[in-house]
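A.B. asks: Quick one: sequence and predicted model below, then my questions.
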Amino acid sequence: MSKHLLALVDVNSFYVSCERAFDPTLEGRPVLVLSNNDGCAVAMSAEAKELGITVGAPWFKLAPNAQRHGLVARSSNYELYGDMSHRFLQVIGEHSHEVEKYSIDEAFAGYGGPLQGAGPWAERIRRDIAERLSLPVGIGVGATKTLAKLANLAAKRVPGMRGVCVWDGLDAEYRDWVMSRLPVQQIWGVGPRSAKKLAAHGVTTAAALRDADAQFVRRLLGVTMMRTVLELRGQPCIQLEEEREFRDSLVFSRSFSTPVSTREIMAQVMASYAQRACTRLNSRSTEAKTLTAWAMTSQFNSAAEDSPSATLSLPAPTNDPVLLTRAAQALLPRMTEGTRYTKAGITLTDLSPRGAQPAFDLFAEPQQDKGIGPLLQQVREKSGTDAIGMGRGGMRTAAEWEMRREMMSPRYTTRWQEMLEVHAR
DNA sequence: CTGCGTAAG
DNA sequence: TTTTCTTACGCAG
């Protein structure tokens, strides 16, 4: 008997595991990866969790005691993680025809063979990723995405499973026991708000949600939660999705390392961010028709709250950094000189595939004729964002407000100069 | 169509 | 001195 099953493969403590893959001295030690600006912990090893550190813990509070605990912190190295993520998907793809990238460190994979073969199949994936990428993964297999997620949780929590769990391969009584003990909030798709509403009706465990009346759940929390109920019963409602080429919008936003409070500096920020948003636009071969430039003050200082934004509709879809950089300056008159802004961003909307509507010459700008925009982007793509740019974009020395990344590891897999050197003797 | 609430990692 | 960033979807208005 063969049944269509799904695996959810995820890397344990992905960012930390990427760091460890290239620096084995981190093995067995408490390790943290910090957010942009080295502000707070965003990922941690099991050893760091045991020290009581949680996501969001501010680094400046942990730093004084780090040495005493042997705690190591790394700045986030997204270039490395992104590349490792790509390799992770590639390996899974060699074991399955259907793969869906779910997040930077997770993927769903389809399995169409007999049930007894599912465990060995998952084990082969686990071993292949360990051998080729030095990354530890957990794999849950189930008849639906929700059950695969659940099995993945079990794979990590039950020591005997050693990272692989095939839900349908377990005893029915054992499955029931697990579900009756699992808090409903641990189910994929059930967040804190929904859990609270469910609890008010006596639904506090995964088993209770599975056995709840589907129509009742639909009325209480909508169709999405009803689908979750059906999926817990083994009825697939959430399909494996194709990679979506196309997104409706694109955001480039960053917090500043120190607040920005003058138009002069914000102009530099906008120039830099617009060009980086432009790079993302190009990497997806798209053009944007609308640009929103925005800034905001700290959420933790409600006294002087301000969140100015300016939305511009461009005459035609464009990916020209010159035009977008200029458009982003529209924020400046909206901001209050002297207010301490802590974060800003560029949102590009109304995206379309590049060249879908041929540019109407009437609106062509003088610099487009000379091809300055494409040239700038070409140089940035080839030689890095600090090679060339307009305004602040392209400066080699970091500006005062630019993000701090003081403990970043080398970009081992994407930069020749930063490749790992191995000496044999 | 848009903004908001909710969730995810 | 802190306290991430990004994407997606359903639903109400």
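C.D. replies: Noted; the coordinates are in hand.
A.B. asks: Spell out which residues of chain A are next to DNA strand B.
C.D. replies: A:10, A:102-106, A:149, A:187-195 (Cβ under 7 Å from any atom of the strand). For glycine as for every other residue, the C-beta is placed from the backbone atoms N, C-alpha and C.
A.B. asks: lowest-pLDDT helix or strand in chain A?
C.D. replies: For chain A, using mean pLDDT, DSSP states H and E, the weakest element among its helices and strands is helix A:366-370, scoring a mean of 51.
A.B. asks: Can you give me the neighbour number for the closest residue to A:Ser253 other than its chain neighbours?
C.D. replies: When the adjacent residues along the chain are set aside, A:Ser253 lies closest to A:Gly345, with 2.8 Å between them (Cβ to Cβ, 6 or more residues apart in numbering). Per other Cβ atoms under 10 Å, the neighbour tally for A:Gly345 reads 21.
A.B. asks: Is A:Gly345 bridged to anything, and to what?
C.D. replies: Taking DSSP bridges as the rule, A:Gly345 bridges to A:Ser253, A:Trp294.
A.B. asks: so how far is A:Pro120 from the one residue in the stretch 201-350 of chain A that gets nearest to DNA strand C?
C.D. replies: Of all residues in the stretch 201-350 of chain A, A:Gly222 sits closest to DNA strand C, at 2.9 Å by Cβ to the nearest atom of the strand. Between A:Gly222 and A:Pro120 the distance, using Cβ to Cβ, to the nearest Å, works out to 39 Å.
A.B. asks: Stretch A:251-263 and DNA strand C in contact?
C.D. replies: Yes. Where contact is defined by Cβ under 7 Å from any atom of the strand, part of stretch A:251-263 touches DNA strand C, namely A:251-255.
A.B. asks: can I have that stretch written out in PDB, keeping just the CAs?
C.D. replies: Listed in PDB are the C-alpha atoms of stretch A:251-263, where the atom choice follows Å, rounded to 0.1, in the frame of the first residue of the first chain:
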ATOM      1  CA  VAL A 251      10.700  45.900   1.400                       C
ATOM      2  CA  PHE A 252      14.100  47.000   2.300                       C
ATOM      3  CA  SER A 253      14.200  48.300   5.900                       C
ATOM      4  CA  ARG A 254      16.800  48.600   8.600                       C
ATOM      5  CA  SER A 255      17.100  49.900  12.100                       C
ATOM      6  CA  PHE A 256      19.900  52.500  12.600                       C
ATOM      7  CA  SER A 257      22.700  51.900  15.000                       C
ATOM      8  CA  THR A 258      22.300  55.500  16.200                       C
ATOM      9  CA  PRO A 259      19.100  57.500  15.700                       C
ATOM     10  CA  VAL A 260      18.900  59.800  12.600                       C
ATOM     11  CA  SER A 261      17.300  63.200  13.300                       C
ATOM     12  CA  THR A 262      18.300  65.500  10.400                       C
ATOM     13  CA  ARG A 263      17.000  65.700   6.800                       C
END
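A.B. asks: Okay, buried residues for it please.
C.D. replies: Residues A:252, A:254-257, A:259-261 are the ones in stretch A:251-263 that count as buried (16 or more other Cβ atoms under 10 Å).
A.B. asks: what's the nearest residue to A:Ala57 if we skip its chain neighbours?
C.D. replies: Closest residue to A:Ala57 in three dimensions, ignoring its sequence neighbours and counting by Cβ to Cβ, 6+ apart: A:Ala41, at 4.7 Å.
A.B. asks: Doesn't the one you found lie inside a helix?
C.D. replies: No. With DSSP: H, G, I helix; E, B strand; the rest coil as the criterion, A:Ala41 is assigned strand and is not in a helix.
A.B. asks: so what's it up against?
C.D. replies: A:Ala41 is in contact with A:32-35, A:48, A:53-57, A:59, A:62, A:73, counting by Cβ atoms under 8 Å, 6 or more residues apart in numbering.
A.B. asks: do you know how far it is from DNA strand B?
C.D. replies: When Cβ to the nearest atom of the strand, to the nearest Å is applied, the distance between A:Ala41 and DNA strand B equals 14 Å.
A.B. asks: For that residue, give me the pLDDT.
C.D. replies: In the prediction, the pLDDT value recorded for A:Ala41 is 89.
A.B. asks: For it, give the beta-bridge partners.
C.D. replies: Listed beta-bridge partners, A:Ala41: A:Leu34 (assigned using DSSP bridges).
A.B. asks: Report the contact partners of the closest residue to DNA strand C within chain A.
C.D. replies: Among residues of chain A, the one nearest DNA strand C by Cβ to the nearest atom of the strand turns out to be A:Gly39. It sits 2.3 Å away. When contacts are counted by Cβ under 8 Å, 6+ apart, A:Gly39 is found next to A:58-59, A:255.
A.B. asks: Please determine how far it is located from A:Trp401.
C.D. replies: Distance from A:Gly39 to A:Trp401, counting by Cβ to Cβ: 14 Å.
A.B. asks: now do A:Leu291
C.D. replies: 21 Å.
A.B. asks: Name the residue in the two with the higher neighbour count.
C.D. replies: Set side by side, A:Leu291 and A:Trp401 show more neighbours around A:Leu291, with 26 against 21, by other Cβ under 10 Å.
A.B. asks: my hunch is that the more buried one is in a helix, does that hold up?
C.D. replies: No. When the secondary structure is assigned by three-state DSSP, A:Leu291 falls in strand instead of a helix.
A.B. asks: And it, how close does it get to A:Leu240?
C.D. replies: Distance of A:Leu291 to A:Leu240, computed by Cβ to Cβ: 34 Å.
A.B. asks: Over to A:Val166?
C.D. replies: With the distance defined as Cβ to Cβ, A:Val166 ends up 18 Å from A:Leu240.
A.B. asks: These two - which one has more neighbours?
C.D. replies: Neighbours per residue, other Cβ under 10 Å: of A:Val166 and A:Leu240, the larger number sits with A:Val166, 27 against 15.
A.B. asks: For the more buried one, give me its contacts.
C.D. replies: Applying Cβ under 8 Å, 6+ apart, one finds that A:Val166 lies in contact with A:5, A:115, A:118-119, A:122, A:141-142, A:151.
A.B. asks: mind redoing it with 10 Å?
C.D. replies: By Cβ atoms under 10 Å, 6 or more residues apart in numbering, the contact set of A:Val166 is A:5, A:7, A:111, A:115-123, A:139-142, A:148, A:151, A:154-155.
A.B. asks: Strands - which of the residues you listed land there?
C.D. replies: For these, the ones inside strands are A:5, A:7, A:111, A:139-142, with DSSP state E as the criterion.
A.B. asks: What is the neighbour count of the nearest residue to A:Thr342 once chain neighbours are set aside?
C.D. replies: Here the nearest residue to A:Thr342 in space, its sequence neighbours aside, is A:Ser298; by Cβ to Cβ, 6+ apart that works out to 4.5 Å. Using other Cβ under 10 Å, A:Ser298 is surrounded by 15 other residues.
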